[in-house]
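>>> make a model of this:
(one chain, ligands or ions: 1)
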Amino acid sequence: MGAPGPAPDSSAHPAPAASTSSAWRATTAPTRLSFRTVALPAGVITPEGGDGGTGLLDLLAGREDVVSWVRHGRGLVGWGQALRLEAQGPDRIEALRSAWRATVYASWWRDALVRPGTGPVALGTIAFSPASAAVSVLTVPRVLVGLDDSGAWLTTAVADGEAHPELAEVLARLRPPASAQTDVPSPDAPVVSAGALLEADYLAAVAEVRRRIAAGEARKVVLARDLLVRPAAPLATGDLLRRLGANYPSCWTFAVDSTVGATPELLVRLENRRLASRVLAGTARRRPGDAATREREAERLAQWLAASAKNRAEHEFARASALSSLEPLCSVVEAAAPRVLTLPNVLHLATDITGVVAGDTGALSLVGALHPTAAVCGTPTAAAARVIAEVEGMDRGRYAGPVGWVDWHGEGEWCIALRSAALPPGGVGPEAPARVFGGGGIMPESVPADELAETTAKMRPMLTALGADV
Ligand SMILES: C=C(O[C@H]1C=CC=C(C(=O)O)[C@@H]1O)C(=O)O
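Numbers count the residues shown, from 1 in each chain. Here you go, the predicted structure:
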């Protein structure tokens, strides 16, 4: 791996030291990129849009080929691709971590803001299983727009030696045409069909997992299913994301390499060596209805969930697996008492974890240590993964895998790709179905029909964004 070339100006940040162990280094020399971050004028991008400003997700109206990481209107959106790193197999997370580090080492950047998400950033989506046919990817968009409480910025990434686009040119493209701003849902319902398993087969699969748990093969197994959804008319990925962001503002509305969703589960955020994680497991499903009825129902469900022995035990497995993965990598880890998280479609038992990482452990190393937690796999991990592989009947692809972003010094934010879908390349339409996923933790006392209904409730964010009435 070569040493960095001459800095284009003295404000460029020095690159961190090169990685010494890397499957990546053996195969290819890292690409040299040039990044430039500039602050955007106040009011151009606003959390809610409107008032003369544009919301981050509004920038994606009508677009394919987008990336998104937005919560409460803040985060990152982008388009184009300056670099794509791919990996597969058991070492996929470490290979991506190492390849990104080598890329950063070879690259240059200007960034006077130096805030989380400014400067070099890659967004990633990682397959759930080491045996998956789906590739795990880190992608560097050519244009990335960010917004936090201090304001908005724009990062452009080009190959080293290539000119960055003129700022005026990019700013002119930041306001999509008015025609693209209006989301007109198709009046016709999408066609929804079974994925790997018919509903009856899923009920049988839950019963089979219960039987295996009773036989002592595992203590908890997270089983999932998929549906194929063909909207009546083509739907741009950017418009799908705007619907998800509007309906589930407290979730992370994400899109990376055609993996899209609105997830409530934070795998790990690393900022200034401090980490945060939010473990979710244990669910009560909400019914559609008017606001007042739903609010009363949510209070009742919250009490029920907090007292449910089955859900508390299910949650405890997930909480314990996250803590035991983090402890060896941290100088301090603390977990709050479980609480109830209320979302528009479901309620979950939630544990907030905070900690301080030891040494120079980065976000992707934490992701590698945490994945798969018992929130998406089960307990014990290897036994549960074996049962999933034998009973679920599908390759999960990137569903239930890590999704998020990493910056130049290895910090960033990663969630679990739940409430998600795999979109076909080129976007979803009548001939090109979205594959929507949902799962749930199976415990000895699980009732198959309840577990099936729970998966449907968890699919609701994607199904309604695709135009289905559930
Ligand atoms: C596996 C999923 O949810 C997990 C996260 C929260 C609650 C869960 C549960 O109660 O089963 C699951 O562990 C999913 O949404 O597909």
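
>>> name the helix or strand of this protein that has the lowest mean pLDDT.
helix 23-27 (a mean of 41; mean pLDDT, DSSP states H and E).

>>> following that one, which helix or strand comes up?
strand 33-39 (DSSP states H and E).

>>> show me which positions of that following strand end up buried.
Buried residues in strand 33-39, counted by 16 or more other CB atoms under 10 Å: L33, S34, F35, R36, T37, V38. In short, each C-beta sits where N, CA and C put it, glycine included.

>>> same check on stretch 331-338?
V333, A335, P338.

>>> again with stretch 349-358
Within stretch 349-358, the residues scored as buried using 16+ other CB under 10 Å are L349, A350, T351, D352, I353, G355, V357.

>>> look up the closest residue to G55, ignoring the ones flanking it.
Nearest residue to G55 in three dimensions, chain neighbours excluded: G49, at 3.0 Å (CB to CB, 6 or more residues apart in numbering).

>>> hmm, L59 and that neighbour touching each other?
No. The pair formed by G49 and L59 falls short of the contact definition of CB atoms under 8 Å, at 9.3 Å.

>>> so these two - more neighbours on which side?
Between G49 and L59, counted using other CB atoms under 10 Å, the more crowded position is L59 (23 against 17).

>>> the more buried one and G73 touch, don't they?
No. L59 is beyond contact range of G73, at 11.7 Å (criterion: CB under 8 Å).

>>> partners of the residue nearest the centre of the chain in the sheet?
Within the chain, the residue whose C-alpha comes closest to the C-alpha centroid is V403; the distance, by CA atoms, centre = their mean, is 3.5 Å. Note on V403: beta-bridge partners by DSSP bridges are T125, C415.

>>> go on, D352?
Beta-bridge partners, per DSSP bridges, of D352: R278.

>>> follow-up on the earlier one: tell me who's in contact with the residue nearest to G55.
G55, D58, G73 (CB atoms under 8 Å, 6 or more residues apart in numbering).

>>> looking at the residues you listed, which is nearest L452?
G73 (34.3 Å; CB to CB).

>>> which residues does T361 contact?
Counting by CB under 8 Å, 6+ apart, the residues that T361 touches are L329.

>>> tell me the confidence at it?
For T361, the model assigns a pLDDT of 96.

>>> hang on, it in a helix?
No. Assignment of T361 by DSSP: H, G, I helix; E, B strand; the rest coil gives coil, placing it outside any helix.

>>> what's it sitting at in phi/psi?
The phi/psi pair for T361 (degrees, to the nearest 10) reads phi -60, psi 130.

>>> how far away is it from R36?
Per CB to CB, to the nearest Å, T361 is found 29 Å from R36.

>>> who in the stretch 251-400 of the chain is up against the ligand?
Within the stretch 251-400 of the chain, the positions near the ligand by CB under 6 Å from any ligand atom are E265, L280, A281, G282, T283, H348, A375, V376.

>>> adding neighbour count, pLDDT and secondary structure, write those residues out as TSV.
Formatted as TSV, those follow (neighbours: other CB atoms under 10 Å; pLDDT from 0 to 100; DSSP: H, G, I helix; E, B strand; the rest coil):
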residue	neighbour count	pLDDT	secondary structure
E265	24	98	coil
L280	25	98	strand
A281	29	98	strand
G282	28	98	strand
T283	25	98	strand
H348	24	98	strand
A375	28	98	coil
V376	28	98	coil
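
>>> shaky segments in this structure?
Residues of the chain meeting the criterion pLDDT under 70: 1-28, 50-52, 175-181.

>>> and the helices in it?
With DSSP state H as the criterion, the chain has helices at 23-27, 92-106, 167-174, 178-181, 199-214, 237-247, 291-307, 309-326, 363-370, 381-391, 448-465.

>>> got CSV for these, with mean neighbour count too?
As requested, these are arranged in CSV below (neighbours: other CB atoms under 10 Å):
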stretch, mean neighbour count
helix 23-27, 14
helix 92-106, 23
helix 167-174, 12
helix 178-181, 12
helix 199-214, 18
helix 237-247, 23
helix 291-307, 13
helix 309-326, 20
helix 363-370, 23
helix 381-391, 18
helix 448-465, 21
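
>>> dump those helices to TSV, plus distance to Q81.
What follows is the helices of the chain, written out as TSV (distance: least, CB to CB, whole Å):
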stretch	distance to Q81
helix 23-27	18
helix 92-106	13
helix 167-174	16
helix 178-181	21
helix 199-214	37
helix 237-247	14
helix 291-307	41
helix 309-326	32
helix 363-370	20
helix 381-391	32
helix 448-465	24
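
>>> for G426, find the nearest of the ones you listed.
helix 237-247 (9.5 Å).

>>> from the chain's centroid, how far away is the closest one?
14 Å (CA atoms, centre = their mean, to the nearest Å).

>>> CA atoms only for that helix - export them in CSV, please.
The C-alpha coordinates for helix 237-247 follow below in CSV (Å, rounded to 0.1, in the frame of the first residue of the first chain):
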residue,chain,number,x,y,z
THR,A,237,-36.9,4.5,-4.4
GLY,A,238,-36.6,8.2,-3.3
ASP,A,239,-40.4,8.4,-3.1
LEU,A,240,-40.6,5.2,-1.1
LEU,A,241,-38.1,6.6,1.3
ARG,A,242,-40.1,9.9,1.7
ARG,A,243,-43.1,7.8,2.7
LEU,A,244,-41.1,5.8,5.2
GLY,A,245,-39.6,8.9,6.7
ALA,A,246,-43.0,10.7,7.0
ASN,A,247,-44.7,7.6,8.6
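
>>> tell me what it is packed against?
strand 66-71, strand 252-256, strand 259-263, helix 448-465 (3 or more CB pairs under 8 Å, 6 or more residues apart in numbering; DSSP states H and E).
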